[in-house]
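Peer 1: Using only what follows, build the 3D model:
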Amino acid sequence: MKIIITGGAGFLGQRLAAALLRESSLPFSELILADIQQPPTPMEDPRVHCLALDLTRPGAASQLIDRDCGVLFHLAAIVSSHAESDFDLGMQVNFDATRQLLEAARHNAPAMKFVFTSSLAVFGGKLPSIVTDECAVLPQSSYGAQKALCELLINDYTRKGFVDGRVLRLPTISVRPGKPNKAASSFASGIIREPLHGDPSVCPVSPDLALWLSSPGTVVHNFIHAATLPAAQFGSSRTVNLPGISVTIQQMLQALEAVAGKQVRERVRFVPDETINRIVASWPGNFDISRALALGFSVDENFQQIIRAFMHDEMLRAGG
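Peer 2: Numbers count the residues shown, from 1 in each chain. Below you'll find the model as predicted:
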């Protein structure tokens, strides 16, 4: 069986590839990492092939998917603030390319598991205090709208038997390594990562704002779990709110101080940014995860655990 990861050059794509190469729960003969730029190889393994491919180009999806493809993890996307500032690019990458992948799967590999990374950004407007999987979506950003459109398509392609879709609404991922990106939620990693590295960091939102968070390790574990679940367990909807934890910005900084000390915590200062606040504050901060847990998805214990996991990963990267 062949597995494909789009967005294979990104942090989550690389981490997912490394996890697939280590685990045996999802056996495969070939792992293809595709991205607009040639992805690096996460580890030496003859099963891995890296491919530079622009998924917005006509015919690219059919070039990628053939009858041997058993699972596709579709991670490629233009992130939230970038999709908001460049509507056309966001539609091309986040929606049009997804539809072309679905069409290629429909014609070339209709039994393929299509694991799609959606987002809590599909929600917005007046929301209940705790959001369920059945809560209506009303995105307040172009990124959220593009993800919601893809959710509907994948559920319908699945209903028609064109693909075996699995839609995962991701929490905000924290703590990400590396540099800040154009995601509106980039600060959720920056206010932890930069202070731990000895650098100042700016938080653009209120300390009282609650975020729905998951660690990179937990979300990658949940990607793989989604691909191993029997289709019948999903029921009538293939869309799942992945488990996360609800943490305010203030609680995140308190956890940082508890783990790394007051001096590290004091490297964060608040500088409001109305554009970022408008986008992020429209996202829900608490979910009912009973369905996800019943399906066997995992959840982090607390934010201190997430910080310690990041510090451990950074030590391994520095040593490696």
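Peer 1: What are the boundaries of the helices in the protein?
Peer 2: Along the chain, counting by DSSP state H, helices occupy 11-22, 60-64, 80-85, 87-90, 97-108, 142-159, 187-196, 216-228, 249-260, 262-265, 274-281, 290-294, 303-319.
Peer 1: so can I have CSV of those showing mean pLDDT and distance to C50?
Peer 2: Heads up, the C-betas are built off the backbone N, CA and C, glycines and all. Shown next, in CSV, are the helices of the chain (pLDDT from 0 to 100; distance: least, Cβ to Cβ, whole Å):
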stretch, mean pLDDT, distance to C50
helix 11-22, 94, 9
helix 60-64, 95, 13
helix 80-85, 87, 24
helix 87-90, 95, 23
helix 97-108, 97, 18
helix 142-159, 96, 25
helix 187-196, 96, 25
helix 216-228, 96, 18
helix 249-260, 97, 35
helix 262-265, 96, 37
helix 274-281, 89, 33
helix 290-294, 96, 32
helix 303-319, 90, 20
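Peer 1: who wins for proximity to G124 among those helices?
Peer 2: In terms of Cβ to Cβ, the element of those nearest to G124 is helix 142-159, at 6.5 Å.
Peer 1: who's in contact with the closest residue in space to A52 that isn't next to it in sequence?
Peer 2: Spatial nearest neighbour of A52, excluding adjacent residues (Cβ to Cβ, 6 or more residues apart in numbering): Q38 at 4.2 Å. Shown in contact with Q38 (Cβ atoms under 8 Å, 6 or more residues apart in numbering): A9, C50, L51, A52.
Peer 1: Pretty sure G90 sits against S142.
Peer 2: Yes. Counting by Cβ atoms under 8 Å, G90 does reach S142; the two are 5.3 Å apart.
Peer 1: Next, show the common contact partners of those two.
Peer 2: Overlap of the contact sets of G90 and S142 (by Cβ under 8 Å, 6+ apart) consists of A83, E84.
Peer 1: Please work out how many residues are found near the residue nearest to N222 when sequence neighbours are not counted.
Peer 2: Leaving out its chain neighbours, the residue that sits closest to N222 by Cβ to Cβ, 6+ apart is F297, at 4.9 Å. A count of nearby residues for F297, using other Cβ atoms under 10 Å, gives 21.
Peer 1: F297 contacts L242, doesn't it?
Peer 2: Yes. Counting by Cβ under 8 Å, F297 touches L242, with 6.1 Å between them.
Peer 1: residues shared between the contacts of those two?
Peer 2: The contact sets of F297 and L242 overlap at N222 (Cβ under 8 Å, 6+ apart).
Peer 1: about what we covered before: now the contacts of Q38: which count as buried?
Peer 2: The neighbour-count criterion (16 or more other Cβ atoms under 10 Å) marks A9, C50 among those as buried.
Peer 1: For the contacts of Q38, work out which two are farthest apart.
Peer 2: The widest separation within the contacts of Q38 (Cβ to Cβ) is 10.1 Å, between A9 and L51.
Peer 1: Report the set of residues contacting both of those two.
Peer 2: With contacts defined as Cβ under 8 Å, 6+ apart, the residues adjacent to both A9 and L51 are L33, D35, Q38, P39.
Peer 1: Most neighbours among those residues, please name it.
Peer 2: Most neighbours among the shared contacts of A9 and L51, by other Cβ under 10 Å: L33, with 27 neighbours.
Peer 1: Ignoring the adjacent residues along the chain, who's closest to it?
Peer 2: Of all residues beyond its chain neighbours, the one nearest L33 is G8 (2.8 Å), with distances taken as Cβ to Cβ, 6+ apart.
Peer 1: The one you found and H49 touch, don't they?
Peer 2: No. Using Cβ under 8 Å as the test, G8 is too far from H49 to be in contact (10.0 Å).
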